[in-house]
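K.L.:
Need the 3D shape of this:
(4 chains)
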2 protein chains.
Amino acid sequence: MSVQERKQRERADRERLIVATARELAEQQGWDAVTTRRLAERIEYSQPVLYSHFRGKREIIGAVALEGAAEMAVALRAATSAADGPRARVTALARTYLDFAEHNPAVYDAMFRLDGGLAFAKEDTPEPLKDAFAALLECLGEVAGNGVDPGLFTEVFWAALHGLASLSRAGRLPPGDAERRVDLLVDRLAMI
Amino acid sequence: MSVQERKQRERADRERLIVATARELAEQQGWDAVTTRRLAERIEYSQPVLYSHFRGKREIIGAVALEGAAEMAVALRAATSAADGPRARVTALARTYLDFAEHNPAVYDAMFRLDGGLAFAKEDTPEPLKDAFAALLECLGEVAGNGVDPGLFTEVFWAALHGLASLSRAGRLPPGDAERRVDLLVDRLAMI
DNA sequence: TCGATTGTCTAGCGCTGCTAGGATCGGGCC
DNA sequence: GGCCCGATCCTAGCAGCGCTAGACAATCGA
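P.N.:
This is a model prediction of the structure:
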């Protein structure tokens, strides 16, 4: 028994190594540089080993996305629980979200720009994704306003944040006014 | 002289053919299916011909993006000029933007998701992109509210629309409530 | 009519994601 | 203890990718 357990543990370790290495490489040089050959070389195994853990590159991206979603949920909850009052909470949430996107661009890409083969807004959506949305909902639900469905409001607010994050990162928005854009967004959207 | 003119005209025609074919193929089968080989085959020339018109695939994507930006600007202006009153104009603008993204997904990808090698928010930004932003600004400037920079407001509103467009298209938002999300966004962001 | 220029194609380079099939290693049984 | 068999891993290779060098043909000016 213990031999099998050790092997399973080693396999799980290696899987984590693959995901962590893919993420690291993507943050360092972008997802285009994450090829199966380079990834295999970095983990010091041959390419086919990757395919014994994941169906393909897409699933590796998906794994990084899931990891990122879990981290983002933690960060969002930490930020909101440290703030006093609805307004401060929403502002902290927005800034944390955008900070996360800015400081983990490859992970954010894996979550939202690339195809990681993950199901969204469905029953079989993976738990970390649902939980990240829940973290948004917990904070934003209380400022949705009367007669507005909290879920719908969260979707809209999230979309606005995602728009700011992705347009900023792609250089589609002037870089200087990020703070002012966040303030405007919070002022207008949240009913405080 | 007339021979040279004919050749230039034919060259320009072929360039348009390349862009139109790339766009068509992308809309039919997605940008992944737009390979230089397939594209060359469809225009009935060999691959190197593509490179006599464009530096590479990226520039072809950029050309499609520019074409799309011009069309979007036209559509936005048509929609806003047909609506009466600020509120109706903003709603029409938002719906037209999202409709464009939904009905021309490949073009929208070329504009905002893929790298077409275009400069944004800079001096050397191509004219069609500036003009599409101007079309947004013309409508949104009048509902920015007191003391709010129209440009900044337009950026935020645009980001929200882009967020809704890209999250919807990627299946990240439940498909049924699109109208309600637009209404909520317009209600809250625009000062009417 | 000849040389130069322009235009186009064939063929191929180095890379990609992915996989078939052989070698090797280690646990379980006699 | 020694052998066998299954699990594990690697080498080698496939088809396709973006892109380009160099050969070839067509056309223009003299």
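K.L.:
I figured residue A:72 hits residue A:99, correct?
P.N.:
No - at 10.2 Å, residue A:72 does not count as touching residue A:99 under the criterion of CB atoms under 8 Å. Just so you know, the C-beta spots here come from the backbone N, C-alpha and C atoms, and that holds for glycine as well.
K.L.:
Looking at those two, which is more packed in?
P.N.:
Between residue A:72 and residue A:99, residue A:72 has the larger neighbour count (other CB atoms under 10 Å in any protein chain shown), namely 24 against 14.
K.L.:
Just the element for the more buried one, please.
P.N.:
Per DSSP states H and E: residue A:72 is located in helix A:57-81.
K.L.:
Contacts only, for the nearest residue to residue A:58 once chain neighbours are set aside.
P.N.:
Spatial nearest neighbour of residue A:58, excluding adjacent residues (CB to CB, 6 or more residues apart in numbering or on different chains): residue A:117 at 4.8 Å. By CB atoms under 8 Å, 6 or more residues apart in numbering or on different chains, residue A:117 lies in contact with A:58-59, A:61-62.
K.L.:
In PyMOL, how would I select just the buried ones from these?
P.N.:
To isolate the buried ones among those in PyMOL, judged by 16 or more other CB atoms under 10 Å in any protein chain shown, type:
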select buried, chain A and resi 59+61+62
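K.L.:
and the contacts of residue A:117, which two are the farthest apart?
P.N.:
A:59 and A:61 (7.2 Å; CB to CB).
K.L.:
residues from chain A in reach of chain B?
P.N.:
A:112-113, A:119-122, A:148-149, A:152-153, A:155-156, A:158-164, A:166-167, A:170-174, A:177, A:180-181, A:184-185, A:188-189 (CB under 8 Å from any CB of the partner chain).
K.L.:
Let's see which of these end up in helices.
P.N.:
A:152-153, A:155-156, A:158-164, A:166-167, A:180-181, A:184-185, A:188-189 (DSSP state H).
K.L.:
Now the buried members of these.
P.N.:
A:152-153, A:155-156, A:158-164, A:166-167, A:181, A:184-185, A:188-189.
K.L.:
re earlier: anything in contact with each of residue A:59 and residue A:61?
P.N.:
Common contacts of residue A:59 and residue A:61, defined by CB under 8 Å, 6+ apart, comprise A:116-117.
K.L.:
Report the mean per-residue pLDDT for the longest helix along chain A.
P.N.:
Determined from DSSP H, the single longest helix within chain A is helix A:2-29. Helix A:2-29 carries an average pLDDT of 91.
K.L.:
what do you get for stretch A:128-140?
P.N.:
Mean per-residue pLDDT for stretch A:128-140: 98.
K.L.:
separation between the closest residue in space to residue A:189 that isn't next to it in sequence and residue A:188?
P.N.:
Excluding its sequence neighbours, the residue lying closest to residue A:189 (CB to CB, 6+ apart) is residue B:188, at 5.0 Å. The gap separating residue B:188 from residue A:188 is 5 Å, by CB to CB, to the nearest Å.
K.L.:
Below-threshold pLDDT in chain A: ranges please.
P.N.:
Within chain A, the stretches with pLDDT under 70 are A:1-3.
K.L.:
Right, and DNA strand D sits closest to which residue of it?
P.N.:
Across chain A, no residue is closer to DNA strand D than residue A:46, which sits at 3.4 Å (CB to the nearest atom of the strand).
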